[in-house]
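> below is the sequence, then the predicted model.
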Amino acid sequence: MNAEIGSPDPDRSLADLSFDQVAQPDELARAEALRRHSMLVKPPGSLGRLEELGAWIAACQGRPTPRPFTRARVIVFAGDHGVAARGVSANPPETTGELLGTVLAGGAAINVLASTAGATVRVVDIAVDTDGAESAVSEFKVRRGSGSIDREDALSDAEVHAALLAGRQIADAEVDGGADLLVAADLGVGGSTVASTLVAALTGAEPVAVIGRGSGVDDNGWMRKAAAVRDALRRARAVLSDPVALLRTSGGADVAAMAGFLAQAAVRRTPVLLDGLTVGAAALVAEELAPGARSWWVAAHRSSEPAHAMVLEHLDLEPLLDLDIRLGEGAGAAAALPLLFMSARLLAEVATREQAGVPDPEA
Ligand SMILES: Cc1cc2ncn([C@H]3O[C@H](COP(=O)(O)O)[C@@H](O)[C@H]3O)c2cc1C
Ligand SMILES: O=C(O)c1cccnc1
């Protein structure tokens, strides 16, 4: 278990890890978009948050009238977590490999949600414990599983570097390939224990306040999860101010890759729809790695995991949906994709009052 693959280059310099400065979305385009909304054939403000969302898309694209999205991409980052062996999940560790196969075969919830919304799904095996065998999607594999964060580091420094770089390269490749809207998705048994630890570490929350049922752990499992997060947090608190050290101590290769991906999407001025707790934990780290990245993200939903509310508060993001989704896997983000598609097209396609011959509202 958790054997190193050996690909990370120990000589990789720290400079490789730094993210370029994040520019902010275009405020002029946002203001122009809001002004355009007030001229469309509807009472001003009557489309509520769809108007704000449209203006955010305009700001991200740097044009008052957004282009409709043509290539929304969901990237599933799969990885095992050593802490799963502590009985913190309702599912045995080997489930991750099976889930990876299911997403590849198109049979998972994310496949259906993304396809319904008109997005495509890509799966990457960052750290699945495939027991010697290689999966079909292991180009970016860092190791098999990550260390059990309650008593050992999740990763070595070289592995954190490799995982961040993997996320950055995946974001670059997607943007260069024409992706205009990105979603990061988590897959890995034990992921919610790791995510809850990172959230408690970065927001100062008490361990018991962050622990939820994850994929459905029972009362005894919840107690084991609470003990694991408490122990992991003790180790995390020693490295709080250094996001790379935090990923090494308390993260995992898949979470680190998601953080690199989210940071680089912002560097590449590409909007991102954030999913639930696990992606949210990666987003907290990404904001530390690339300050200002959060301006390029919209929170799709509020997961029923308690720690997710802390993520949203910390990043000052207001979720679009609250559907009691507690899956991870990018499901909440995929469910909210149509709202973004609609918001972009509304600004581009609804007639103005002038075009429709409808008089302006009384001043
Ligand atoms: C069938 C199944 C499909 C999933 N899809 C996402 N998850 C989610 O649940 C797991 C994390 O929860 P925990 O920390 O409790 O293990 C991750 O795989 C996450 O993506 C799933 C879990 C299961 C069982
Ligand atoms: O909200 C999430 O990301 C989540 C919820 C349950 C299990 N895994 C992830």
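Right, received. Where do you want to start? Just so it is clear, the structure is predicted and the values come from calculations on it, not from any experiment. Ligands and ions are numbered 1, 2, ... in the order given.
> from the contact counts, what lies against the worst-scoring helix or strand of the chain on mean pLDDT?
In the chain, no helix or strand scores lower on mean pLDDT, DSSP states H and E than helix 207-210, which sits at a mean of 95. Judged by 3 or more CB pairs under 8 Å, 6 or more residues apart in numbering; DSSP states H and E, helix 207-210 is in contact with helix 191-203, helix 219-236, helix 306-315. All C-beta atoms are positioned from the backbone trio N, CA, C, and that covers glycine.
> for Ala29, which of those is the nearest?
Among the helices and strands packed on helix 207-210, helix 306-315 comes nearest to Ala29, with 22.3 Å by CB to CB.
> what's around the closest residue to ligand 1 within the stretch 151-300 of the chain, how many residues?
Closest approach of the stretch 151-300 of the chain to ligand 1 (CB to the nearest ligand atom) occurs at Gly214, with a separation of 2.4 Å. Gly214 has 25 neighbouring residues, counting by other CB atoms under 10 Å.
> wait, what's in contact with it?
88-90, 191-193, 225, 305 (CB atoms under 8 Å, 6 or more residues apart in numbering).
> flag every buried residue along the least confident helix or strand of the chain.
207, 210 (16 or more other CB atoms under 10 Å).
> got the contact list for it?
In contact with helix 207-210 (CB under 8 Å, 6+ apart) are residues 196-197, 199-200, 226, 229-230, 233, 306-307, 310.
> do it and ligand 1 meet?
No - using CB under 6 Å from any ligand atom, helix 207-210 never reaches ligand 1; the gap is at least 12.3 Å.
> and stretch 101-118, by the same measure?
No - Stretch 101-118 does not reach ligand 1 (CB under 6 Å from any ligand atom); its nearest approach is 6.7 Å.
> can you give me the helices in the protein?
27-39, 49-61, 95-105, 109-117, 157-176, 191-203, 207-210, 219-236, 243-250, 253-267, 277-289, 306-315, 331-349, 353-356 (DSSP state H).
> pick the most buried one from those helices.
Stretch with highest mean neighbour count among the helices of the chain: helix 253-267 (a mean of 31; mean count of other CB atoms under 10 Å).
> ok, now how distant is the residue lying closest to Met342 once chain neighbours are set aside from ligand 1?
Of all residues not flanking Met342 in the chain, Leu50 sits nearest, at 6.4 Å (CB to CB, 6 or more residues apart in numbering). With distances taken as CB to the nearest ligand atom, to the nearest Å, Leu50 is found 29 Å from ligand 1.
> make sure Leu50 is actually in contact with Leu340.
No - applying CB atoms under 8 Å, one finds Leu50 not in contact with Leu340, separated by 9.4 Å.
> how about the contacts made by Gly212?
192, 196, 277, 304-307, 326.
> near ligand 2, which of the contacts of Gly214 show up?
Restricting those to those near ligand 2 - CB under 6 Å from any ligand atom - leaves 191-192, 305.
> between those, which is nearest Val285?
Closest approach between the ones next to ligand 2 among the contacts of Gly214 and Val285, by CB to CB: Gly191, at 14.1 Å.
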